[in-house]
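**Q** no sequence on this one, just coordinates:
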């Protein structure tokens, strides 16, 4: 992933240095398990560890000749550690190292992402509680519908992010599998006991049934979870972009000191952070598609998944990390314009209360379709500029004769509309904390 | 979905008739919850239920005029049930009916799919146990690697299908949410209590924070789970297609009495069932992509997800149902050719035991890279037709002087290779039954 | 595809009846080419043709036994036509019939789609010319930028649709390939001359190098073209949805007599047509993904593409047809609100002319970054409600001393901004008519 | 894109250095067009050019403050060039620079790719001609079908690559559009003449109807073309992988001196180059999906496409470059095993000629279905090991009495099967050279 869209911690996990260090860690864990069984001289792992300094450039140099990454790595170890190195990789196949290491790297990456989701949830909950009482016109189809609460919007994102957290946790748990089972997974020249001990030391569980590799449905689940997380970030981003529109102006992204919006137009302040996030969500979706194609490998494995994962594992985790980090900043710094919120809520002249009128008419005895017709007629007249909606209702014969001017008046009650916001808040923050 | 790729039970769930019946069920559940609170005259729901016969054609006729599906449905109810119908849909918005009904339909569809996965797991376990002792050459990169067991292949698929089952269960549990919370989800003209009671009667849980609708990350998770299930089916299908290849011929699909393989070539028996399944897996992948684009709707909802779901909800569930059903038949009826398995295992003249030789040399004191060189040299000579691999090893000075002819001989031991198959079996069938 | 999203003409092309009729047409074309070479008795094709009535149900019945669609079809022909039928399919393989027929069906479907694009271009050009002089605030990032013309928006869509038309034409031309070359494409039991004559009679060109089938990159190009066409429709649809937003209200979809916007809120008039189109565009994208996976078949062919195409060929063409038809209606009936356009253009108090001021300052001698700073300062003050933008500029020392109040005044000129609209119009309608 | 999958020439095009150099080139082209019209002092562009040394690090430093890439770039120019710099960017918006530069970079990248396709076509044609006469068993469904020619396989790939070349050329031609039309594309503060002259000098054509940007359907077409090209590479790769399978062994990838196939199994020689290419094709597909989502931007533009393009433009072009380069090496170095080809052709004992027998029987007067039954019966007996196919046919009463032993014998003629290979070769190499 390009520098622009990655952050240092996550970048480090996917560096050559870290990858080779992790490989060594896996080799040594197996070696130690063998030492414990006296299959390998005691102290071998420590003797190797002490002599080896991983130099990625040197490994790549060897690889350019042998055209095999793990063999190049082992040669590099052997040229530094000498004799004890021959006890490494005994009965193992490359994928024992690679897939086990991959699990360790993904777990580390996942840990960073879970932390970021928590930061985002914290920010969302804070804004939700802060803005719980701030009314806003709810919109369906981009059109004014009925009043809702700004804080509730954030509460909804909080709940969705918690769902994404659970999906990611499960995916990470499913990917926390290692495999030290040899060329085709039957422990031809190694044993399940060694595997269990080595993986245990690394905090991993042995793959239930490995082939040469850990089955790729586990990885596809993870990339699916990231794509879905990205889509949820996109959902928030779309909301912010809409809020910031010139005509709406209910909220806007933080705009830095010294920031410039446009090279041509000095007046511009654009929602560029969230537009950027919408684009990045498309990338996460696309990576998930590639991961799904990685599942159906040939026989006990083919290596076509490898090139895909070399690209999308760093790219998808770095992007998700970047996106979450950026979204925390947007949520934390979002400037909410209460005046604009109030102004827009008034914009329709009370049309947002039309359902309440409809229901009063039905409760007072009208058939639903008949009542609907009366209210729609007044609404269309208001739309056409023939008067204020509330007045038109009150003056409408059918309506006035059914519920009276008072009845109409009682329908235009914002407080009534938002009376359950607190109830929903209790539900979301309790439910999501104790799911 | 076309008839060819759908089965009657699943088809029925997505019929107009079932959809409208489910809508009525939801409306009546809400009505009854209101009756219990004396907000609606007692007996209303029953009076409506008794008078209404759902006629999809009539509803579509009304819809062509009002251009709104739920309004058309309500009009149809009203024209049959008369007065009591005006108590329906009180304080509800269309999506209260639609999303709640959608959850009910998806749950039903999911139930069928879980049952099918169970059938497939039963078939896979049966074949796994039956073929546990049958040796086969394991293949990585399409090339002979080391021996494995045919039964183990099925055991691996069993474990993967169990993972898919758990993913599907969780997705179904996440989608078992209804929503009776009005136009923008704040219970503007209805109450959380009514929602809880109505949904409880339907076996659903209220959405944590609804907007006008249930958030679409829940649905995307489901379509992701189906895409991943499809990819796992594809994995099995690719294996069968490889097994059946003319040169491999280790197994083949059941071939019906009277079946013809080719209009031109009377000798053909093709793996058409599994080829077909590989194609269908592509479709499931594609639907998941569309579902992910459905998450980021505008504000409290836009309706762009609806057209997607009208197509992919039936299509994806019907295809998955068809695929699982077909795969059960393939697994159950797969003809395994033991002679071909044995013949192919011998094909390389023992090259599949090369790692065992390598390890013996290392254990006897050679460095890993040196030992590798000796064995590779003999292997390349065997490839080049210069002799039997085992003989070439025994006659190789470096090797013979290290482990002797006997040492070479001991490496060519199939039983040793497969000694842990039973251990793995215990792991998979125990672990997966008590995950 | 479900009835709701398909239209009768396109539906007919993909019916079983049409498919089998097309197969017969192909078989008879080959037969006639053989008759001309006296390889088959003269008059055979006519004798078969006269005796056969295609009954899809009967063919499917046979297929359920032989499990091969073309063999079932040939049996059906043979059971009606008797002896002369044995001269059909000579030296042909099923794919000779299937792929050639598929090309014929796709060409027919493509013809309908090209016609629909033409209808849409006609509507777009009409609206473009009608609205050329109507000013609108141009928006980037959803924020007011500088003035543009409503008509120009339609002119842009016109140009994009013409590009889509050319892509579709090319894809259709690339797919207009037949193949009568036998089991593996080498004319083992048939000749290139017969192929050329038969295909010529059907208006198709022989595949350059066939395997058992026509290579699938041709088909993937077509589905890509449809996905891209869908994305362009989505672009228009997104614009309409934004225009119709309550706060913008510059244009809205046609709203039918008797139409109802919401079951709960009688005041709603929602952009449901274009929301629907946005969803359908996602489906077209997803089908293209599946088509791309169909290219890399095994050896001289595997049949995994077939199940995909049975679904997406009808689905993608029917959806595109439906989408174009619906978009024609939207464009034709779009209600443009000139007052709202004018009101929104004024909304920023002239900020949309900030670039003109910036440029005047630069032309009068200021450095770009310095000038930018002056204008941005005034813009931010206007934003903050400290006064009218034009006034603030005129009163700003740095600005006034550079270009004077008159200089500021001259920048606020809508006519100047739109002076090249006519030039662009000439370019688009000329260029696109004579590309 | 990671180093491993990118090549230096392509990498350079997407470096920060090249990007900023290209921006400067565009700014100066516009400046010169203004000089020619005396809107800017003569010699300005040259004066700027001579004073500026692009330093990406400095630009990024400024950008971190102003949060706008083009403004940072312009500031960098201004801080070096001083006064004359204020004449740059007059009447332009950032996207005038960005999109025009993007077109220049894509054209350069496209030029490299076209050259690579030509290399691949050269290699394919060479192998096609070299192997035209080498017979191979053709395979459908992975099963032996009828004989074909190895050279013909390459000829088919040649034809497909030529189609991909044409698609790429068209996409590049469609993307060779620049845009110097200001904030919303109406030349508010600039003129079409300046645009035409500046773009002409850069070898680009003005966008027909720009908004703030060049419409993104043009770019999506390009990424679609790359995805399709990738799928065609994948098709070749899958063939090589199948050829190399242990049981087939008809061809294999070049295997380097010193190369090692497996860390565990010294005998392994795996088709890792083509497996790698299959994975990379999945990535190209995924990028195309993201590009399609970039088309439907808001109003006169939103910037969500930008983050996607920053990633996929370099990634997709670098990967395609790498893939083509690698595939050239595979095709050039592919080791074809003529003995294995001959051996496999014999494997079925002549079943590959079954269609010829079927046709002889039909020509001799049998009905098609009856003849089919006779031949299938003998084929199934041969399958079951009851004898040689040819013998079983000759001894079959129904067959012998119809065409005699001689008639059977005549059907087993390889030369007859391949008699048209030369004809196809003429067609492909002529047609594709003069399409």
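**A** Received it, and whenever you're ready, just let me know what you need. Please read these numbers as outputs of a predicted model, since none were measured by experiment.

**Q** rest of the way, CA atoms for contacts and neighbours
**A** Will do.

**Q** who are the contact partners of residue A:16?
**A** With contact set as CA atoms under 8 Å, 6 or more residues apart in numbering or on different chains, residue A:16 has these partners: residue A:56.

**Q** stretch A:167-179 and chain B, are they touching?
**A** No - if you take CA under 8 Å from any CA of the partner chain as the test, stretch A:167-179 misses chain B, and the best it gets is 8.8 Å.

**Q** enumerate the residues of the stretch 251-400 of chain A near chain B.
**A** Proximity of the stretch 251-400 of chain A to chain B (CA under 8 Å from any CA) is limited to residues A:285, A:289, A:292-293, A:295-303, A:355-356, A:359, A:362-363, A:366-369.

**Q** those in helices, which ones?
**A** Here DSSP state H is the test, and these give A:285, A:289, A:292-293, A:355-356, A:359, A:362-363, A:368-369 as lying in helices.

**Q** ok, so of those, who is nearest residue C:402?
**A** Nearest to residue C:402 among these, counting by CA to CA, is residue A:285 at 52.0 Å.

**Q** quick check: closest non-adjacent residue to the closest one.
**A** residue A:227 (4.8 Å; CA to CA, 6 or more residues apart in numbering or on different chains).

**Q** now do the SS call for the nearest residue to residue A:192 once chain neighbours are set aside.
**A** Counting by CA to CA, 6+ apart, residue A:181 is the residue found nearest to residue A:192 once chain neighbours are left out, at 7.1 Å. Going by DSSP: H, G, I helix; E, B strand; the rest coil, the secondary structure assigned to residue A:181 is coil.

**Q** surely residue A:181 and residue A:95 touch.
**A** No - Residue A:181 is beyond contact range of residue A:95, at 9.2 Å (criterion: CA atoms under 8 Å).

**Q** what is in contact with the two at once?
**A** By CA under 8 Å, 6+ apart, the residues touching both residue A:181 and residue A:95 are residue A:212.

**Q** next one, pLDDT for residue A:69 please.
**A** Listed pLDDT for residue A:69 reads 92.

**Q** mind listing what residue A:402 touches?
**A** A:361, A:364.

**Q** how close does it get to residue A:362?
**A** 9 Å (CA to CA, to the nearest Å).

**Q** got it, and residue A:42?
**A** 86 Å.

**Q** the more surrounded of those two?
**A** The neighbour comparison of residue A:42 against residue A:362 (other CA atoms under 10 Å in any protein chain shown) goes to residue A:362, with 22 against 15.

**Q** ok, now how distant is that one from residue A:356?
**A** 10 Å.

**Q** give me the number of residues near the residue nearest to residue A:192?
**A** 28.

**Q** can you list contacts of stretch A:329-337?
**A** Counting by CA under 8 Å, 6+ apart, A:120, A:123-124, A:127, A:249-254, A:273-274 sit against stretch A:329-337.

**Q** could you turn the buried ones of those into a ChimeraX selection?
**A** A single ChimeraX command is used to select the members of the contacts of stretch A:329-337 judged buried by 16 or more other CA atoms under 10 Å in any protein chain shown:
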select /A:120,123,124,127,249,250,251,252,253,254,273,274
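
**Q** ok, and what's touching stretch A:139-146?
**A** Applying CA under 8 Å, 6+ apart, the external contacts of stretch A:139-146 come out as A:137-138, A:348, A:352-353, B:183-184, B:212, B:298-303, C:241-242, C:244-246, C:265, C:268-272, C:275.

**Q** what mean pLDDT does the strand or helix carrying residue A:339 get?
**A** Using DSSP states H and E, residue A:339 sits in helix A:338-346. Averaged over helix A:338-346, pLDDT sits at 95.

**Q** contacts for it?
**A** A:134-137, A:147, A:248-250, C:247.

**Q** chain B next: which of those are close?
**A** Contacts with chain B within the contacts of helix A:338-346, counted by CA under 8 Å from any CA: residue A:147.

**Q** number of nearby residues for residue A:112?
**A** Residues within reach of residue A:112, counting by other CA under 10 Å, total 16.

**Q** no, scratch that, I was asking about residue A:155
**A** 28.

**Q** quick one: contacts for it?
**A** Going by CA under 8 Å, 6+ apart, residue A:155 touches A:124-125, A:128, A:425, A:428, B:209.

**Q** reformat those as CSV; add pLDDT and distance to residue C:418.
**A** Listed next are those as CSV, based on pLDDT from 0 to 100; distance: CA to CA, whole Å:
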residue, pLDDT, distance to residue C:418
A:124, 98, 44
A:125, 97, 47
A:128, 98, 45
A:425, 96, 51
A:428, 93, 52
B:209, 97, 47
